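[1] Got a predicted structure plus its sequence, pasted below:
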Amino acid sequence: MQRIVILGGGFGGLYAAKALRRSPVHVTLIDRRNYHLFQPLLYQVATGSLSPGDIAGPLRSILKTSTNLHVLMDEILDIDPERKEVVLTDDRVPYDTLIVSTGTRHHYFGHEEWAANAPGLKSMEQALEVRNRIFNAFEQAEKEHDPEPRKAWLRFVIVGGGPTGVELAGALAEISRKTVREDFRNFDSADAEILLLEGQDRLLPTYPPDLSAKARHALERLGVKVMVETFLKDMSDRCAVIDFGDGPMDIPAHTILWGAGVKASHLGEVLQTNFGAALDNVGRVQVQPDLTIAGHPEVFVIGDLAISPNHVSGVAQVAIQGGQYVAKTIRGRPKGKALRPFRYRDKGNIAVIGRNSAVAQIGKLHLAGWPAWFIWAVVHIAYLIGFDNKLVVMVHWAWSYLTFNRSARLIYLDRGGASPGPPAQ
Ligand SMILES: Cc1cc2nc3c(=O)[nH]c(=O)nc-3n(C[C@H](O)[C@H](O)[C@H](O)COP(=O)(O)OP(=O)(O)OC[C@H]3O[C@@H](n4cnc5c(N)ncnc54)[C@H](O)[C@@H]3O)c2cc1C
């Protein structure tokens, strides 16, 4: 029986595995985590609306009815093309066909040391780290008696005006203006300053300009200071150095959050070195129209790790549709079926700003405000994996909607300090 090995249990890997459920092949799915993570809702964990278990599901449980499938939790280190084996920490897994969907990680544009001061939002560990830092900042401000140091605790700098930065800024504004407004005695949390920095001349640069303008307006109404054409030059644990054209300027702030850039998982380099795959400037793999790499019909690359002139990268739907397409190709090959090239069906993009507030592009339709927010909520519930998660998230959202409460705003300490330390990549 043909051995299919899927690397990564994110959107691409999971949907490929599901689509191969009844096929006469043996599938092994490998991920360093034992769960599938619904990344689009990570910011809700980071801002205390949802708990980790609400947006993740154990891979074994999601795939338990796939009797032709075997799940392994391990770190993928290398791929050996001669022996057709995937190299894990202390094991090797043979394959006939490989589906690589290991996604991307954060990119600090050559300043990897910034990762310790400015956590991003790609993993559950990072979301919890961001949550610790946000709620710890309010706690420190409560203990601070001097106004200037207190301001530095109540100033939040978010780097990157894409969907993640916009979501974080909107949620932080709601936390400070509503959620914790009555919780502290020594300051008014509504005085918290939220700065959203974007290098380009508008927020959400991949969206149409009218929606960028509406998103900016909605954030400014919530009290966020939007700074476009502004670059982060340097940072420490108490200061961000920014430049908006007039030279560097120090902004005292303890909480800096990163939503600015991504680079490919290290499997991109592995595919370049071992299979001669071509990479783009952030290490993503250039694929053929059928999502294989040139000269290697046995290796498919899908999701955020893949790039081609025919499809975009960095959205869950591309990974999902890529996984389903590859499964269909694998099923069709023994019958000699020639498949059409992969064509991404764009179902639209939605960025959420806050309660009743989002922007959406669905085909030629541009929506803002409540209708976009409603579609966002329905779509996210629909794509969440697992009935329990859908139900719990619906109940949490309904409760937060009525009360503005965010019940998951706990700070976890593990070293006697304020935070468990630098986030895992
Ligand atoms: C904060 C955030 C918000 C987002 N919001 C949206 C949104 O609203 N709408 C939208 O369409 N998209 C959104 N996205 C993008 C979307 O989540 C991605 O496009 C999608 O997850 C890509 O799927 P993938 O399978 O390529 O990679 P991933 O989902 O990232 O999965 C990669 C998997 O590979 C595993 N892995 C990686 N390297 C290794 C290794 N060496 N060993 C073992 N395992 C490994 C990881 O653990 C992970 O499970 C968002 C992403 C983030 C981070």
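    Yep, that arrived. Numbering: from 1, shown residues only.
[2] Around the ligand, pick out the residues from the stretch 251-400 of the chain.
    Contact residues (C-beta under 6 Å from any ligand atom) of the stretch 251-400 of the chain with the ligand: 265, 303-305, 314-317, 319. Backbone N, C-alpha and C define where each C-beta goes, glycine included.
[3] give me that answer again for 5 Å
    Counting by C-beta under 5 Å from any ligand atom, the residues of the stretch 251-400 of the chain close to the ligand are 265, 303-304, 315-316, 319.
[4] The helix or strand residue 16 falls within close to the ligand?
    Element membership for residue 16 (DSSP states H and E) is helix 11-19. Yes - using C-beta under 5 Å from any ligand atom, helix 11-19 reaches the ligand at 11-12.
[5] ok so, going back, out of the residues of the stretch 251-400 of the chain next to the ligand, which is nearest to residue 378?
    residue 316 (15.2 Å; C-beta to C-beta).
[6] Would you confirm that the closest one contacts residue 37?
    No - with contact defined as C-beta atoms under 8 Å, residue 316 does not reach residue 37; the gap is 11.1 Å.
[7] between these two, who's got more neighbours?
    In this view residue 316 and residue 37 are compared by other C-beta atoms under 10 Å, and residue 37 has more residues nearby, 22 against 17.
[8] Quickly check: stretch 43-53 near the ligand or not.
    No - Stretch 43-53 does not reach the ligand (C-beta under 5 Å from any ligand atom); its nearest approach is 5.7 Å.
[9] How far does that stretch sit from its chain's centre?
    Here the centre of stretch 43-53 is set off from its chain's centre by 13 Å, with C-alpha atoms, centre = their mean, to the nearest Å.
[10] Stretch 135-150 now?
    For stretch 135-150, the distance to the chain centre is 30 Å (C-alpha atoms, centre = their mean).
[11] so how far does it reach from one end to the other?
    End-to-end distance of stretch 135-150 (C-alpha to C-alpha, to the nearest Å): 14 Å.
[12] Then stretch 255-272?
    Counting by C-alpha to C-alpha, you get 37 Å between the two ends of stretch 255-272.
[13] so how far is residue 273 from the residue lying closest to residue 312 once chain neighbours are set aside?
    Residue nearest to residue 312 in three dimensions, not counting chain neighbours: residue 318, with 6.1 Å by C-beta to C-beta, 6 or more residues apart in numbering. Distance, residue 318 to residue 273, by C-beta to C-beta, to the nearest Å: 25 Å.
[14] One more: residue 22?
    When distance is defined by C-beta to C-beta, residue 22 is 36 Å away from residue 273.
[15] Which positions within the lowest-mean-pLDDT helix or strand in the chain qualify as buried?
    Within the chain, judged by mean pLDDT, DSSP states H and E, the helix or strand with the poorest mean is helix 387-403; its value is a mean of 84. Of all the residues in helix 387-403, those buried under the rule 16 or more other C-beta atoms under 10 Å are 389-390, 392-393, 396-397, 400.
[16] Looking at residue 318 and residue 273 now, which is surrounded by more residues?
    A count of neighbours by other C-beta under 10 Å puts residue 318 above the other of residue 318 and residue 273, at 22 against 12.
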